[in-house]
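In: Sequence and predicted structure below; questions after.
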Amino acid sequence: MTRWILLAALCAAAPARAETLLALPAGAVETARDNRAPGIYRVPVGRFTPRAQPVQVTEGDVLIRAWRLPLDRSNTLATARALRPQLKAAGFAILFECADTTCGGFDFRYGTEVLPPPAMEVDLSDFRFIAARRGGEPEAGYLTVLISRAPRGGFVQAVEVTPITTAPPDLEVPQTPPPPGPNAAGTSGLLAPLERDGRVVLEGVTFAVGEETLGPAAIDALVPLAGMLDANPEIRVLLVGHTDDEGGLDGNLVVSRARAQAVRAALIETYGIAPGRLIAEGAGFMAPLAANVDVASRAANRRVEAVLLTAQ
Amino acid sequence: MDDSDAARVFEALDTTWPAAEVVTRHGWHLRRGAGGGKRVSAASRVAPDAPIAPAGAQMRAWGQPLLFMLRGAEAMLDRDLATAGYAEVDPTLLMSAPLPFAVVEGKMHAIFADLPVARMAEVWAAGGIGPARLSVMARVTAPKSYLLVRQGDRITGLGFVACAGSVAMLHAVEVPAEARRQGAGRAVTLAAAEWARRQGAAQLALAVTRANMPARALYDGLGFREVGHYHYRMIDPAAPAS
């Protein structure tokens, strides 16, 4: 005679929740436990046909558990017969029940959520499925059981959806984001300002006083420009370096050109942009963004801009 | 960046690039990777205070390197692992773009296959995507497609895309060295976007290492934006034991 044991919740770290305890053949071992809270589960409620898998889409706290049973206690019908009264005792009414071919055969699994092996192994010629519901909508709970016999033993997977009755905390009405432009997906963000203004300041490409090289953060900040060039192979740009007004013009022209050349080199070497599409020049302190009156405005003036080149 | 966006993409990552086995135990998702790479072999924490040691024991029992995936802001765990001698590896960005794309391609022809043909496996293998990673793709039970982009009779790009609910994910993008800088990566991404759109997905997501600047430029240029990030901490098996 097969012995039965009650499997208590094994995962002490899991938060307290309503979980239907299922008695399984002795020797059953939990192979998986996954909790999605909140989550969506499509409860199969009918036979799979090539056209569709009838499902009831449910929302709630989704708990997926699986167990492996000893091979000598893996008869799927015996397990199904033992689980049916347990479901009823827990208040569930059976919505749909099927066995391998009556489930719709091999393809049933495509419409069904099944954990990957070896947590759950399904022999497609020997499995049973039960879907059950407790309570009425909109606060119904669902429990489905998939039972199978595989070469390594029996497997049971239970998916339980518990309705979430408490309101999620800390809700607020978010500010409406600006509507995406017609080219929101599939194009780069820098193209529009470059075409509108003819130039863009390269955000995040910053230099200390007198510095001519790019740090890792500045190279990272070239992603939008490189992305725009990557997405628009016909576009060429002039990179223009700028300085603050500390020192003479000749020296600053040299420094500003070196800054533009550092950006050009990074675009070529790090991002693989074709050299022929990039020209580097320097404007010294001849075109400031702001009056050089304090530390912040001087820092803002030490920059590189990209200018759209339209002549062939 | 919105936490729920990141959570959705992390969930899609698990569904569309699955481990051979995921055991949830001791407050961890423990992945048996079967040689399929870090993403399918790393442990990630699900219970906030789960101790490190039991996770390490399971990985050792599987004969895997001790490898943890840190998703977003897990600063305490990250510090604990660093203190325990785990080195940071492969900082990676999760990027996503809404569907449909405004641009559709172009000059390179894309083929959508249900199974990888032998020639695809060869090109992937040459790029370091070997049989164990093909097994990862084979394990995916969600809707999926093997993408091949060609120019004439030459394979110029490969990819693998699968759909987890509203999120489709692109994986295993491979452009043979001789086909680079000609728009093949772009064509693979656009083919994936087109496939995902037909599946009814609302977004196409992917993971790209932070250091892969050409790929990041490509994806940024196509409208992908960062929705999350992760990195690994691992004990280098080659390092001398202390």
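Out: It's in. Numbering: from 1, shown residues only, chains lettered A, B, ... in the order given.
In: any low-confidence regions in the chain?
Out: By default, I'm working from chain A. A:1-18, A:50, A:106-107, A:109-111, A:165-188, A:312 (pLDDT under 70).
In: Let me rephrase: I mean chain B.
Out: Looking at chain B by pLDDT under 70, you get B:1-2, B:104-107, B:236-242.
In: How about residues contacting stretch B:81-90?
Out: B:38, B:52, B:66, B:68, B:70, B:209, B:231-236, B:242 (C-beta atoms under 8 Å, 6 or more residues apart in numbering or on different chains). All C-beta spots, glycine's among them, are computed from the backbone N, C-alpha and C.
In: Between those, which sits nearest chain A?
Out: B:Thr209 (12.7 Å; C-beta to the nearest C-beta).
In: burial measure for the closest one, as a count.
Out: B:Thr209 has 14 neighbours, counted by other C-beta atoms under 10 Å in any protein chain shown.
In: What's the separation between A:Pro54 and A:Ala131?
Out: A:Pro54 sits 10 Å away from A:Ala131, taking C-beta to C-beta, to the nearest Å as the criterion.
In: Which one's more surrounded, the two?
Out: A:Ala131 (24 against 16).
In: Near chain A, which residues of chain B? Just list them.
Out: Counting by C-beta under 8 Å from any C-beta of the partner chain, chain B comes close to chain A at B:11, B:18-27, B:47, B:49-50, B:97-103, B:139, B:141, B:165, B:180-181, B:183, B:186, B:190, B:193, B:213-214, B:216-223.
In: Which residues are in contact with the closest residue to A:Phe127 other than its chain neighbours?
Out: Distance criterion C-beta to C-beta, 6 or more residues apart in numbering or on different chains; nearest residue to A:Phe127, sequence neighbours excluded, is A:Ser148 at 3.9 Å. Applying C-beta under 8 Å, 6+ apart to A:Ser148 gives the contacts A:Thr76, A:Met120, A:Glu121, A:Val122, A:Asp123, A:Asp126, A:Phe127, A:Arg128, A:Gly154, A:Phe155, A:Val156.
In: B:Val173 is in contact with B:Ala184, isn't it?
Out: No: with contact taken as C-beta atoms under 8 Å, B:Val173 and B:Ala184 are classed as non-touching, separated by 9.3 Å.
In: which residue packs closest to A:Ser125, ignoring adjacent ones?
Out: A:Asp100 (5.7 Å).
In: one step back: wait, is the residue nearest to A:Phe127 part of a helix?
Out: No: looking at A:Ser148 with DSSP: H, G, I helix; E, B strand; the rest coil, it is strand, so not inside a helix.
In: what sits opposite it in the beta ladder?
Out: Beta-bridge partners for A:Ser148, by DSSP bridges, are A:Phe127, A:Phe155.
In: roughly how far apart are it and chain B?
Out: According to C-beta to the nearest C-beta, to the nearest Å, A:Ser148 and chain B sit 15 Å apart.
In: now the helices: where do they sit in chain A?
Out: A:76-89, A:100-103, A:191-197, A:216-220, A:223-231, A:249-269, A:295-301 (DSSP state H).
In: What is the neighbour count of B:Ala179?
Out: Other residues close to B:Ala179 by other C-beta under 10 Å number 20.
In: Now do the phi/psi pair for it.
Out: Backbone torsions of B:Ala179, given as degrees, to the nearest 10, read phi -110, psi 10.
In: For the chain, just list every one of the strands.
Out: As the question left the chain open, I've gone with chain A. A:4-6, A:23-25, A:29-44, A:55-69, A:93-99, A:127-134, A:141-150, A:153-162, A:199-201, A:236-241, A:278-282, A:304-309 (DSSP state E).
In: To clarify, I was referring to chain B.
Out: Going by DSSP E, chain B shows strands at B:21-25, B:28-32, B:44-45, B:67-71, B:87-98, B:109-113, B:144-151, B:154-164, B:167-174, B:203-209, B:225-234.
In: mind checking how far the fourth one is from the chain centre?
Out: For strand B:67-71, the distance between its averaged C-alpha position and the chain's averaged C-alpha position is 13 Å (C-alpha atoms, centre = their mean, to the nearest Å).
In: name the helices or strands packed onto that strand?
Out: strand B:44-45, helix B:52-61, helix B:75-83, strand B:225-234 (3 or more C-beta pairs under 8 Å, 6 or more residues apart in numbering or on different chains; DSSP states H and E).
In: Please convert these to TSV, extending it with mean neighbour count.
Out: Output for the helices and strands packed on strand B:67-71, formatted as TSV (neighbours: other C-beta atoms under 10 Å in any protein chain shown):
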stretch	mean neighbour count
strand B:44-45	20
helix B:52-61	16
helix B:75-83	13
strand B:225-234	20
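In: near chain B, which residues of the stretch 201-312 of chain A?
Out: A:219, A:222-224, A:226-233, A:270-272, A:274.
In: The same query, at a cut-off of 10 Å, please.
Out: Proximity of the stretch 201-312 of chain A to chain B, by C-beta under 10 Å from any C-beta of the partner chain, involves residues A:216, A:219-220, A:222-233, A:266-267, A:269-274.
In: Great, nothing more from me.
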